[in-house]
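Undergrad: What would the 3D arrangement of this be:
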Amino acid sequence: MTRIRDLASICKSKNAGPFDLTIDVIFDSDDMFDRVEKTGVLNAALFSRLYLVAEEEVLFTPYRAARAFKATLPRLLPAGAFGDSDVYGAQQHGPLLEVDIPI
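TA: As a prediction, this is how the structure comes out:
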(Lines give C-alpha, C1' and ligand atoms only; values in the text may rest on other atoms or scores of the structure.)
Protein backbone atom coordinates (compact mmCIF):
# COMPACT_ATOMS: atom_id res chain seq x y z
CA MET A 1 0.00 0.00 0.00
CA THR A 2 1.21 3.48 -0.85
CA ARG A 3 -0.40 6.76 0.13
CA ILE A 4 -1.66 9.15 -2.51
CA ARG A 5 0.72 11.79 -1.19
CA ASP A 6 3.62 9.55 -2.26
CA LEU A 7 2.20 8.73 -5.70
CA ALA A 8 0.67 11.97 -6.98
CA SER A 9 2.79 14.84 -8.23
CA ILE A 10 0.01 17.31 -7.40
CA CYS A 11 -2.91 17.09 -5.02
CA LYS A 12 -4.76 20.36 -4.51
CA SER A 13 -8.11 21.83 -3.65
CA LYS A 14 -9.79 25.14 -4.39
CA ASN A 15 -13.19 26.74 -4.45
CA ALA A 16 -15.41 26.15 -7.45
CA GLY A 17 -17.57 29.10 -6.51
CA PRO A 18 -18.70 29.89 -2.95
CA PHE A 19 -20.68 26.67 -2.51
CA ASP A 20 -18.51 24.02 -4.15
CA LEU A 21 -15.00 22.65 -3.79
CA THR A 22 -12.89 20.99 -6.44
CA ILE A 23 -10.03 18.60 -5.75
CA ASP A 24 -7.43 17.57 -8.32
CA VAL A 25 -5.05 14.61 -8.12
CA ILE A 26 -2.44 14.65 -10.89
CA PHE A 27 0.24 12.09 -11.73
CA ASP A 28 3.60 12.46 -13.53
CA SER A 29 3.16 9.56 -15.92
CA ASP A 30 0.51 7.73 -17.90
CA ASP A 31 1.67 4.51 -16.26
CA MET A 32 1.07 5.79 -12.72
CA PHE A 33 -2.31 7.26 -13.69
CA ASP A 34 -3.32 3.92 -15.23
CA ARG A 35 -2.13 1.93 -12.22
CA VAL A 36 -4.07 4.14 -9.79
CA GLU A 37 -7.17 4.13 -11.99
CA LYS A 38 -7.08 0.35 -12.23
CA THR A 39 -7.30 0.01 -8.42
CA GLY A 40 -10.67 1.79 -8.39
CA VAL A 41 -9.85 3.45 -5.07
CA LEU A 42 -10.35 6.99 -6.37
CA ASN A 43 -14.08 7.34 -6.97
CA ALA A 44 -17.13 9.35 -5.93
CA ALA A 45 -17.78 7.08 -2.92
CA LEU A 46 -14.33 7.83 -1.49
CA PHE A 47 -14.87 11.59 -1.71
CA SER A 48 -18.34 11.17 -0.23
CA ARG A 49 -16.88 9.39 2.82
CA LEU A 50 -13.92 11.74 3.28
CA TYR A 51 -15.91 14.96 2.92
CA LEU A 52 -19.23 13.89 4.48
CA VAL A 53 -21.41 14.63 1.46
CA ALA A 54 -23.87 12.42 -0.39
CA GLU A 55 -22.24 10.36 -3.13
CA GLU A 56 -24.71 11.65 -5.71
CA GLU A 57 -23.47 15.19 -4.97
CA VAL A 58 -19.90 14.31 -6.00
CA LEU A 59 -18.97 14.91 -9.62
CA PHE A 60 -16.00 12.60 -10.13
CA THR A 61 -14.06 12.66 -13.40
CA PRO A 62 -10.95 10.71 -14.42
CA TYR A 63 -9.21 12.77 -17.11
CA ARG A 64 -6.54 10.63 -18.73
CA ALA A 65 -5.28 13.34 -21.12
CA ALA A 66 -4.10 15.32 -18.08
CA ARG A 67 -3.23 12.23 -15.99
CA ALA A 68 -5.68 13.59 -13.44
CA PHE A 69 -8.70 12.78 -11.34
CA LYS A 70 -11.06 15.63 -10.45
CA ALA A 71 -13.83 15.69 -7.87
CA THR A 72 -16.23 18.57 -7.37
CA LEU A 73 -18.45 18.50 -4.31
CA PRO A 74 -20.47 20.86 -2.14
CA ARG A 75 -18.70 22.69 0.66
CA LEU A 76 -20.12 21.99 4.11
CA LEU A 77 -20.11 25.75 4.73
CA PRO A 78 -20.17 28.40 1.98
CA ALA A 79 -16.86 30.22 1.49
CA GLY A 80 -16.63 33.07 3.98
CA ALA A 81 -19.60 31.95 6.09
CA PHE A 82 -19.36 32.15 9.86
CA GLY A 83 -17.28 29.17 10.98
CA ASP A 84 -15.53 28.68 7.63
CA SER A 85 -11.87 27.99 8.33
CA ASP A 86 -10.62 27.99 4.72
CA VAL A 87 -12.24 30.73 2.67
CA TYR A 88 -10.33 29.76 -0.50
CA GLY A 89 -10.76 26.00 -0.10
CA ALA A 90 -7.01 25.63 -0.59
CA GLN A 91 -6.37 23.26 2.33
CA GLN A 92 -9.24 20.82 1.88
CA HIS A 93 -7.25 18.15 0.04
CA GLY A 94 -5.58 17.06 3.31
CA PRO A 95 -7.75 14.01 4.10
CA LEU A 96 -7.11 12.64 0.62
CA LEU A 97 -3.34 12.59 1.14
CA GLU A 98 -3.60 9.74 3.65
CA VAL A 99 -5.63 7.42 1.41
CA ASP A 100 -3.83 4.15 0.68
CA ILE A 101 -3.60 2.85 -2.88
CA PRO A 102 -2.78 -0.87 -3.30
CA ILE A 103 0.28 -0.40 -5.51
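
Undergrad: Grab the most central residue of this structure for me.
TA: Residue closest to the average C-alpha location in the chain (C-alpha atoms, centre = their mean): Ile23, at 3.8 Å.

Undergrad: and stretch 8-25, how far apart are its ends?
TA: Length of stretch 8-25, first residue to last, C-alpha to C-alpha, to the nearest Å: 6 Å.

Undergrad: how distant is that stretch from the center of its chain?
TA: Taking C-alpha atoms, centre = their mean, to the nearest Å, one finds stretch 8-25 lying 7 Å from the centre of the chain it belongs to.

Undergrad: Now it: buried residues?
TA: Using 16 or more other C-beta atoms under 10 Å as the test for burial, stretch 8-25 gives 8, 11-13, 15-16, 20-25. Where you see a C-beta, it was placed from the backbone N, CA and C, and this is true even at glycine.

Undergrad: And the residue nearest to Leu42 when sequence neighbours are not counted, which helix or strand is it part of?
TA: Nearest-residue entry for Leu42: Phe69, 4.9 Å, with adjacent residues in sequence omitted and distances by C-beta to C-beta, 6 or more residues apart in numbering. Using DSSP states H and E, the element containing Phe69 is strand 68-74.

Undergrad: Which pLDDT value goes with Thr39?
TA: You'll see Thr39 listed with a pLDDT of 98.

Undergrad: Tell me if I'm right that it and Phe69 touch.
TA: No. Assessed by C-beta atoms under 8 Å, Thr39 is found out of contact with Phe69, at 11.5 Å.

Undergrad: ok, those two, which is more surrounded?
TA: Phe69 (26 against 12; other C-beta atoms under 10 Å).

Undergrad: The more buried one bridge partners, please.
TA: Val25, Pro62 (DSSP bridges).

Undergrad: Identify the residues contacting it.
TA: Contact analysis of Phe69 by C-beta atoms under 8 Å, 6 or more residues apart in numbering lists 24-25, 36-37, 42, 60-63.

Undergrad: Regarding this structure, what is its longest helix?
TA: helix 30-39 (DSSP state H).
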